[in-house]
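Colleague: Build me a structure from this.
(chains A and B)
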Amino acid sequence: MGDVQKGLLSVIQKLKGSPEQEQELRIVLLGLDNAGKTTLLKRLASEEVSTITPTQGFNIKSVQSHGLKLNVWDIGGQRSIRPYWKKYLGSTDLLIYVIDSADQKRFEETGQELAELTEDESLTGVPLLVFANKQDLVTAAPAAEIAEGLSLHTYRDREWQIQACSALSGEGVQDGMNWISSQIMNRKK
Amino acid sequence: MAAEEEDDVEWVVDTIAGFLRGPAWSIPILEFMEHNCEVFDDEEESKLSYTEIYQEYQALVERLLEDYLKEVGINEEKFQEAFSSPLAKAHTSQAILQTVLAAEDFRLFKKMMVQKNIEMQLQAIRIIKERNGILPECLTEGSDVFSEIEQEEMKILREVLRKSKEEYEIEQERKRTEEAHAKLKAPDVTHNIPGDSREAVKVKESTEGAEDSEETTKCPLEGSHKSTKEDSKPVCPVQRGTENLLQPSCTKGKEDTKKRSAGKGSENTVQKAGEKGSDLSETEKQQLKQREDYLKKKRDLLLATKKESRNNVTPLSTDQKEEESPPKEEMSEEKQRLLQKRKMLAEKLKEEVINKR
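Modeller: Below is the predicted model:
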């Protein structure tokens, strides 16, 4: 992956017939299996969320938000697929990490995966949004508790935010998106 | 001086656009697509394997572009400058750029590969049909395990094949009467335009195939026709009439088989639903496997032929042509026109299938 040639391609990409230099961002959506990544993705794209099956590969959708075009990559979270995650981290502008707030048994597992991810070189300094999903379930842990479990406060080298939400009902999702665009705007300045 | 710079920019853009139109670019790109498109389907979810192929494609595009720029002595700065200028947009079309843009846009890449895969499948099936007259059982039976899309595809395909057969038969009839006329005249042999010889050979092959198909399909179709209830309708008495009358009955029979297999399909589904087992039965699996193997074989064959035909770009000499197509039955203009028509029809339908997606 020579940087020089990448330059060639990015130059050509400018010739794409898209509207005048609309800013495109790459967002990667990760988390354990059954965390609700694909449901969240479909929610973001205002699509039907009732018939979602476990993702074996990955999904991509473009989401318009605050005048930005967000290309969101949702990659399957099953254990066997996780080794492939790192292939999708290159030139990522923002990481969304989704957690099933009601799956207390796997909090440790999800914490480990996140810690491993944030150590990846390609994600250095990349802002992190954690969605504490499934808040519609009574057994869901509150976002603050999850943040503590993940030791988010120890993250010094990147902006982060935890947002309680229910991808199923849509609650809290927009708040997360607002944080994302504020991050992007800040970076542009 | 500004004008000079603009000339320079224009030269760079035109040179690269020319390269993208030429074989040094399009052949390796096409070859890559044909070799790798097999796993690409129209599902919304992408397979992990797509990413690997995509990365290979990116590497290929980068390498081709870089090598070319080196060859013609355009450095990266010049290239950047040229392609950042508004001139670049004016002098290149999206169609030319598509294969380049696909290297930076996964979704465009996926779309391209899915399209290529469908094209290859259609071609393979057409070849099977042309060679064997009918599709092998493993391709027509077991429609119950097809996905909806596949069923739709097969429906369209059958329609294409049926139409082309109908047309062929009509032409065949006309040809016979014309031949009768022609016999009175001197045997006026229509030679093909040189350079078109490869096409002519292909054309010949396919018409011969179609002739075979006429023979082989007639019986089973009529058989199935008899076995259906619709026989009670007053359609059949004309069957043993002239050639002309045979043709509609033939297509009718086909429709019947279609209906029959559809009925069978739903029967199977009911059965399956009853068992509540989502697993395919052993025989169904075998059939699927058979079908897959068959298609794979055909695809490999197609790839080989394609590659070959690309390798010998020089058209066959007229001598060779004469050798390859013994003068036992010369291509009449009529036949060529018919084939042209069939090709166009297939092309149109193919486009419809692909664009609909």
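
Colleague: gap between stretch A:133-152 and the chain center?
Modeller: Distance of stretch A:133-152 from its chain centroid, counting by Cα atoms, centre = their mean, to the nearest Å, is 17 Å.

Colleague: let me redo that: stretch A:57-72
Modeller: 10 Å.

Colleague: Average the pLDDT values over that stretch and round to the nearest integer.
Modeller: Averaged over stretch A:57-72, pLDDT sits at 93.

Colleague: Let me see the residues that make contact with that stretch.
Modeller: A:22-29, A:38, A:41-42, A:44-45, A:73-76, A:88, A:96, A:177-178, A:180-181, A:184-185, B:44-48, B:50-51, B:106-107 (Cβ atoms under 8 Å, 6 or more residues apart in numbering or on different chains). Placement of C-beta: from N, CA and C, glycine included.

Colleague: Send me that stretch as PDB with only the CA atoms.
Modeller: Output in PDB follows, covering the C-alpha atoms of stretch A:57-72 (Å, rounded to 0.1, in the frame of the first residue of the first chain):
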ATOM      1  CA  GLY A  57     -19.600 -10.500   6.300                       C
ATOM      2  CA  PHE A  58     -20.100  -6.800   6.400                       C
ATOM      3  CA  ASN A  59     -22.500  -4.000   5.400                       C
ATOM      4  CA  ILE A  60     -21.900  -0.500   4.100                       C
ATOM      5  CA  LYS A  61     -24.300   2.400   4.100                       C
ATOM      6  CA  SER A  62     -24.100   6.100   3.400                       C
ATOM      7  CA  VAL A  63     -25.700   8.300   5.900                       C
ATOM      8  CA  GLN A  64     -26.300  12.000   5.500                       C
ATOM      9  CA  SER A  65     -25.800  13.900   8.700                       C
ATOM     10  CA  HIS A  66     -25.300  17.700   9.100                       C
ATOM     11  CA  GLY A  67     -24.200  18.100   5.500                       C
ATOM     12  CA  LEU A  68     -21.600  15.300   5.800                       C
ATOM     13  CA  LYS A  69     -21.700  12.000   4.000                       C
ATOM     14  CA  LEU A  70     -20.800   9.300   6.400                       C
ATOM     15  CA  ASN A  71     -19.900   6.000   4.900                       C
ATOM     16  CA  VAL A  72     -20.600   3.500   7.700                       C
END
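
Colleague: so where's the stretch 51-200 of chain B shaky on pLDDT?
Modeller: Counting by pLDDT under 70, the stretch 51-200 of chain B shows low-confidence ranges at B:136-149, B:183-200.

Colleague: Where do the helices of it begin and end?
Modeller: With DSSP state H, counting those that start in this stretch applied, the stretch 51-200 of chain B shows helices at B:76-84, B:86-91, B:94-101, B:106-132, B:137-140, B:148-184, B:197-227, listed in chain order.

Colleague: For the fourth one, name the packing helices and strands.
Modeller: Meaning helix B:106-132. Under the contact criterion of 3 or more Cβ pairs under 8 Å, 6 or more residues apart in numbering or on different chains; DSSP states H and E, helix B:106-132 touches helix B:23-36, helix B:48-72, helix B:94-101, helix B:148-184, helix B:197-227, helix B:282-311, helix B:333-356.

Colleague: Any part of the second one near chain A?
Modeller: Right, helix B:48-72. Yes: legend: contact between helix B:48-72 and chain A by Cβ under 8 Å from any Cβ of the partner chain is shown at B:Leu48, B:Tyr50, B:Thr51, B:Gln58, B:Val61, B:Glu62, B:Leu65, B:Glu66, B:Leu69.

Colleague: any idea how far the second one lies from B:Arg299?
Modeller: The gap separating B:Tyr50 from B:Arg299 is 18 Å, by Cβ to Cβ, to the nearest Å.
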